[in-house]
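Novice: sequence and predicted structure below; questions after.
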Amino acid sequence: IAHEAGNPLGIIKGYRKILDARLAADPEIQGELAVLGQEIDRVSSIVRRLSEFPADEGRAATGVNDLVGELLGLYGKPLFRDREMSFSLALAEREIVAACGRDVLKQILLNLAKNASEAMGPGGRFEVVTRDRVFVDGEAHGDVTFTAEVEVRPEVRLTGYDELRITVELPSADAEQVEAQIDALRERFASLEDTEEALTVGDYARLDVSGAIDGEAVPGLSASDFVYEVGSGILVDELDEALRGARSGDALAFTATLPDRFGDRAGQEVAFTGEVKATQQKVMPELTDEWVDEHTESETVEALREEMARRFELIGKVQAQVSLRDKVLEELATIVPVEAPNPLVEREMERRLHDLAHRLEHEGMTIPLYLQATGQDQEAFVAEVREGSTKAVLVDLGLRAVARAESLEADETEVEAEVERIVGQVKGSPKKVRRQLEQQGVIDAVRFDIQRGKALQFLVDHATVVDADGNTVDLTIEPPTDDDTPEPTNESPEEEA
């Protein structure tokens, strides 16, 4: 209960901080938020105490009769008599002793009295009875024993986790891809040259153009010496249609309905007129050793091709490394020798749905609206969340098992560095933020995340990585010796024009 209640309390505290920042200029609101913060801290303290029994409290002895009498003496009037309700005591003749701490039992009994007061209306009666025997069907019994069953996270033992075999795709660059990349580089150094040819898609027109609605010129739809790429569609589609086949000196005249991107003017019909003043084509530089040596870090065309191929290989390795980690976790889930405990699956589903609802809330949506907008069936959606949550639980059990078997721990230096990073991202006093993190169990979560990361890295380091043909793949990325990225210095054709 303490754990489940702590999560929403943490969220409430977070939202209070947001409101505190947004309403900093309102002293009255600030006072109310301060009271709210104090009450949230008080509730957090109560919840925390539910899970913080001192080591010797299990052997403590608390007199129940005296405690009940004390509580009702203090709270009987405000909780019951002032609300037109009555209360009475029927205490056992001999003292009843509870084997727990006095403060804990006091809080429990006080909560019971408050709940009863809130649930009853005027005329209600609250009666407290203590007995030194347990009565079943009217018969008194002596000491009673009971057995409680609780769900616990299973500790599993894995075999074969240090010899996982993972298949990855490692794309390699072919000659066509390399040439396309080099052409893209040459295009960045292209220039525009006048031509007498008719305009086609990809050519450029230098033109004067003017748009008018009911004879009045529209600001933003008129320009002089405007360089426009045919087929780009950045103004209206009708302009591209009018320019196809046009030559220098041709007049333009067409109408167009403005598309949605024109905002308030969308849907209005505009009459365009203009003139093509020049036609130009993009000319890329010739690919020679001299050009490569001048404009890139390579010295020859062949060296540039080799460098481009190396970059494709590097990108492929990076993509394969990301895929490897995901596939290692998928494989790990398959060797966990137990089924995912349903309580853990349900908790993971609740966490995922809560996170999704929180993200959608910022977009002004709810999960039902999201399902409707994306055309998803609710049952299928829940089944998908359950499947993902089940795998996540198995992965968690597996990583815990690996960390335990290999004695992988998060040292305090690592934990401290991560906590400091988190503290630095949160507004407020560092000491206060750190205390809140401790109270919310964040530091323990940080420690476990570091431990999980080490377990995952162990699996990745010990996995055998192969391609689709079963050949061993080396995903090692050699650190670069220098920055050999080409640095273009010329302007693009549009900037040059």
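Specialist: Arrived safely.
Novice: before we move on, what's the pLDDT of the residue of the chain most remote from its centre?
Specialist: In the chain, residue 93 marks the outermost C-alpha relative to the chain mean, sitting 60.2 Å out by CA atoms, centre = their mean. For residue 93, the model assigns a pLDDT of 76.
Novice: and it, how far is that from residue 76?
Specialist: To residue 76, residue 93 is 22 Å away according to CB to CB, to the nearest Å. Yep, even glycine has a C-beta here, placed from its N, CA and C like the rest.
Novice: what about stretch 244-255, average pLDDT?
Specialist: Averaging pLDDT along stretch 244-255 gives 94.
Novice: output the contacting helices and strands for the longest helix seen in the chain.
Specialist: In the chain, assigned by DSSP state H, the helix with the most residues is helix 301-335. With contacts defined as 3 or more CB pairs under 8 Å, 6 or more residues apart in numbering; DSSP states H and E, the packing partners of helix 301-335 are strand 165-167, helix 175-187, helix 289-295, helix 378-405, helix 442-462.
Novice: could you check the angle the last one makes with helix 378-405?
Specialist: Computed by axes from the mean of the first three to the mean of the last three CA atoms, to 10 degrees, the angle separating helix 442-462 from helix 378-405 equals 80 degrees.
Novice: the second one too?
Specialist: For helix 175-187 and helix 378-405, the angle between their directions (the same axes, to 10 degrees) works out to 100 degrees.
Novice: how about stretch 413-432: buried residues?
Specialist: 414, 415, 418, 419, 423 (16 or more other CB atoms under 10 Å).
Novice: please apply the same query to stretch 337-351.
Specialist: 340, 341, 344, 345, 348, 349.
Novice: show me where the chain has its strands.
Specialist: 62-63, 86-90, 97-98, 125-129, 134-136, 139-141, 165-167, 191-194, 204-213, 216-217, 223-229, 251-257, 269-283, 464-466 (DSSP state E).
Novice: distance check, the residue nearest to residue 83 when sequence neighbours are not counted against residue 300.
Specialist: The spatially closest residue to residue 83, leaving aside those adjacent along the chain, is residue 117, at 6.5 Å (CB to CB, 6 or more residues apart in numbering). Counting by CB to CB, the gap from residue 117 to residue 300 is 89 Å.
Novice: which of the two has more residues huddled nearby?
Specialist: residue 117 (19 against 13; other CB atoms under 10 Å).
Novice: what sits against the more buried one?
Specialist: Residues in contact with residue 117 (CB atoms under 8 Å, 6 or more residues apart in numbering) are 79, 80, 83, 85, 126.
Novice: hmm, 10 Å instead?
Specialist: Residues in contact with residue 117 (CB atoms under 10 Å, 6 or more residues apart in numbering) are 75, 76, 78, 79, 80, 82, 83, 85, 87, 124, 126.
Novice: burial count for the nearest residue to the fifth one once chain neighbours are set aside?
Specialist: The reference is to residue 80. Leaving aside its chain neighbours, residue 80 sits nearest to residue 87 (4.6 Å; criterion: CB to CB, 6+ apart). The local packing of residue 87 (other CB under 10 Å) involves 19 other residues.
Novice: wait, residue 87 sits on residue 129?
Specialist: No - Residue 87 lies out of contact with residue 129 (CB atoms under 10 Å); the separation is 11.8 Å.
Novice: still on that earlier bit, list the contacts of the residue nearest to residue 80.
Specialist: Contacts of residue 87 (CB under 10 Å, 6+ apart): 72, 75-77, 79-81, 113, 116-117, 124-128.
Novice: buried ones among these?
Specialist: By 16+ other CB under 10 Å, the contacts of residue 87 give 72, 75, 76, 79, 80, 113, 116, 117, 126, 128 as buried.
Novice: list just the nearest of these to residue 468.
Specialist: residue 116 (68.8 Å; CB to CB).
Novice: quick one: residues contacting residue 194.
Specialist: Contacts of residue 194 by CB under 10 Å, 6+ apart are 204, 206, 248, 278, 279, 280, 281.
Novice: beta-bridge partners for it, please?
Specialist: Using DSSP bridges, the bridge partners assigned to residue 194 are residue 280.
Novice: what is the burial count for residue 103?
Specialist: Residues near residue 103, counting by other CB under 10 Å, number 13.
Novice: I am finished for the moment; much appreciated.
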